[in-house]
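> Pasting a predicted model and its sequence here:
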Amino acid sequence: MTNVMKRTTRLSTMFAAALAVTGVLWGSGAAYGLTEAEIANLKGPERQNILVAGARKEGKVTWYSAMIINQALRPLAAAFQKKYPFVKLDYWRGSSRKIVQKVLAEIRAKSLVADVIEGSGLAQPMVKAGAVQPFYSPSLAAYPKKYRDPKGFWAASRFSYMGLAYNTKLISPSQAPKSYQDLLDPKWKGKMAWRAGSESGALLFITNLRLTMGEAKAEAYLQKLKGQKVINFSGSARTLVNRVVEGEYPIALNIFLHHPIISAAKGAPSAAMPLEPVPSLNGTIMLPRGVKNPHAAMLLIDFVLSEEGQTVLKKANYLPAHPKVDPKSSLKPIVPRLAGLKENFVTPEILFEYRKKSKALFDKYFR
């Protein structure tokens, strides 16, 4: 071998070693130059090194979520940035419907800002629109199959259990409705409100009845409920619970059961009441197609799904999706599997499939 050849071989070996040390090599190919789909589905021992190296270069990640900012988004962002200080995390909070609208508008304009999206009602609209990318996260090995999309488009980020909230100054625990039949008592006429048109409000209430009673019995029930003059509310679930606390509405139907419990812990006159079967939803975390920062996006998704990230949610009074992270003890009475209550888990697919007819029934009886 000539001296030139020896020198060239030595330089090539040194260069390859330097790349390997910085975590740039993966298997036999370079990580830089991987497609978005390859980054989203990386596996193997070098996965974390590749994501970290790419995220350092990207330097930021943008997250759209339906979680409450002060309660959950801010502490999650702080914990993520403590773990990865070289990635600047920006977030925007909106309802699931607004997130869908915003992301699809950005995609149409070819100016996608969101790198990661999360919410309770956005999975199927985004999948149907072809706007999200299948992904893999090592944390998902611990999750039951029903809590992750078989094609990899979404994974459960958190849970929500739905029921009613009531003002304890206006209604005593013994008087509060404890079943769907109790809601038909004439004394509640004009005293109940729900979120009109919301996927997790009135529409989920109707869908839950259809799934558990059957179509004929559910519609017969809705005909009777119409006479109760349920008030249509257009704000968020949290705002509706606040109105209950203020005494504007004695009862709110199909709200997130943890909201009135959190308010009560702060001294508010509110309480939660699960109605069996308790409808439950999972929040979903997803990766839009064409994101600008795919490495940082996958680090964020991994973090949210991990025991570490789910523990942050637990401390924030959210209901973790990771099976090894139980909710706070104060919230266990609203978790069916822990409270001995019947549950009706409504998957994103079912929620989407039933939405059209549930909306038609809402329009027919309550619009």
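Okay, I see it. Residues are numbered from 1 along each chain as shown.

> For stretch 113-122, what is the distance to the chain centroid?
Per C-alpha atoms, centre = their mean, to the nearest Å, the displacement of stretch 113-122 from the mean C-alpha position of its chain is 8 Å.

> again, but for stretch 147-157
11 Å.

> now the strands for the stretch 151-300 of the chain?
Under the criterion DSSP state E, counting those that start in this stretch, strands of the stretch 151-300 of the chain are mapped to 155-167, 192-195, 231-233, 251-256, 270-273, 278-286.

> looking just at contacts, which helices and strands does the first one meet?
Spelled out, that is strand 155-167. Under the contact criterion of 3 or more C-beta pairs under 8 Å, 6 or more residues apart in numbering; DSSP states H and E, the helices and strands touching strand 155-167 comprise helix 202-213, helix 237-246, strand 251-256, helix 258-265, strand 270-273, strand 278-286, helix 294-305, strand 319-320. In short, each C-beta sits where N, CA and C put it, glycine included.

> In the protein, which residue is most central in space?
With distances taken as C-alpha atoms, centre = their mean, residue 283 lies nearest the centre of the chain, 2.2 Å away.

> Kindly check the end-to-end length of stretch 251-265 for me.
Terminal residues of stretch 251-265 are spaced 18 Å apart (C-alpha to C-alpha, to the nearest Å).

> Sorry, wrong one. I was asking about stretch 86-105.
Here the two ends of stretch 86-105 are set 29 Å apart, with distance taken as C-alpha to C-alpha.

> And for stretch 330-347?
26 Å.

> Also stretch 83-98?
Taking C-alpha to C-alpha, stretch 83-98 runs 30 Å from one end to the other.

> Contacts for that stretch next, please.
Residues lying outside stretch 83-98 but in contact with it, judged by C-beta atoms under 8 Å, 6 or more residues apart in numbering, are 52, 55-56, 58-69, 73, 77, 80-81, 102, 114, 119-122, 199-200, 236, 296, 299-300, 303, 308.

> Where helices are concerned, which of those residues count?
52, 55-56, 58, 77, 80-81, 102, 296, 299-300, 303, 308 (DSSP state H).

> circling back to that earlier point, please produce a markdown table containing the strands of the stretch 151-300 of the chain, extended by mean pLDDT.
Putting those into a markdown table (pLDDT from 0 to 100) gives the following:
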| stretch | mean pLDDT |
| --- | --- |
| strand 155-167 | 96 |
| strand 192-195 | 97 |
| strand 231-233 | 97 |
| strand 251-256 | 96 |
| strand 270-273 | 98 |
| strand 278-286 | 95 |
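
> With respect to residue 217, which of those lies nearest?
Among the strands of the stretch 151-300 of the chain, the nearest to residue 217 by C-beta to C-beta is strand 278-286 (16.3 Å).

> Quick one: list the elements packing against the closest one.
Packed against strand 278-286 by the contact rule (3+ C-beta pairs under 8 Å, 6+ apart) you find strand 116-119, helix 123-128, strand 155-167, helix 202-213, helix 294-305, strand 343-345, helix 348-366.

> which residues does the closest residue to residue 331 other than its chain neighbours contact?
Here the nearest residue to residue 331 in space, its sequence neighbours aside, is residue 258; by C-beta to C-beta, 6 or more residues apart in numbering that works out to 5.5 Å. With contacts defined as C-beta under 8 Å, 6+ apart, the neighbours of residue 258 are 160-161, 272, 317-319, 331, 334.

> can you list these in JSON lines and add neighbour count and distance to residue 37?
As requested, these are exported to JSON lines (neighbours: other C-beta atoms under 10 Å; distance: C-beta to C-beta, whole Å):
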{"residue": "160", "neighbour count": "21", "distance to residue 37": "30"}
{"residue": "161", "neighbour count": "23", "distance to residue 37": "35"}
{"residue": "272", "neighbour count": "24", "distance to residue 37": "42"}
{"residue": "317", "neighbour count": "18", "distance to residue 37": "36"}
{"residue": "318", "neighbour count": "26", "distance to residue 37": "30"}
{"residue": "319", "neighbour count": "25", "distance to residue 37": "31"}
{"residue": "331", "neighbour count": "21", "distance to residue 37": "38"}
{"residue": "334", "neighbour count": "25", "distance to residue 37": "39"}
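
> would you turn those residues into CSV with distance to residue 175?
Formatted as CSV, the contacts of residue 258 follow (distance: C-beta to C-beta, whole Å):
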residue, distance to residue 175
160, 26
161, 22
272, 15
317, 27
318, 30
319, 27
331, 24
334, 20
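
> Contacts for stretch 248-255 next, please.
Residues outside stretch 248-255 that contact it (C-beta under 8 Å, 6+ apart) are 162-167, 170-171, 176-177, 183, 188, 191-195, 200-202, 204-205, 230-231, 233, 237, 240-241, 243-244, 279.

> make it 6 Å
162, 164-167, 170-171, 191-194, 201, 204-205, 237, 240-241, 243-244 (C-beta atoms under 6 Å, 6 or more residues apart in numbering).

> circling back to that earlier point, partners of the residue nearest to the centre of the chain in the sheet?
Taking DSSP bridges, one obtains residue 158 as the residues bridged to residue 283.
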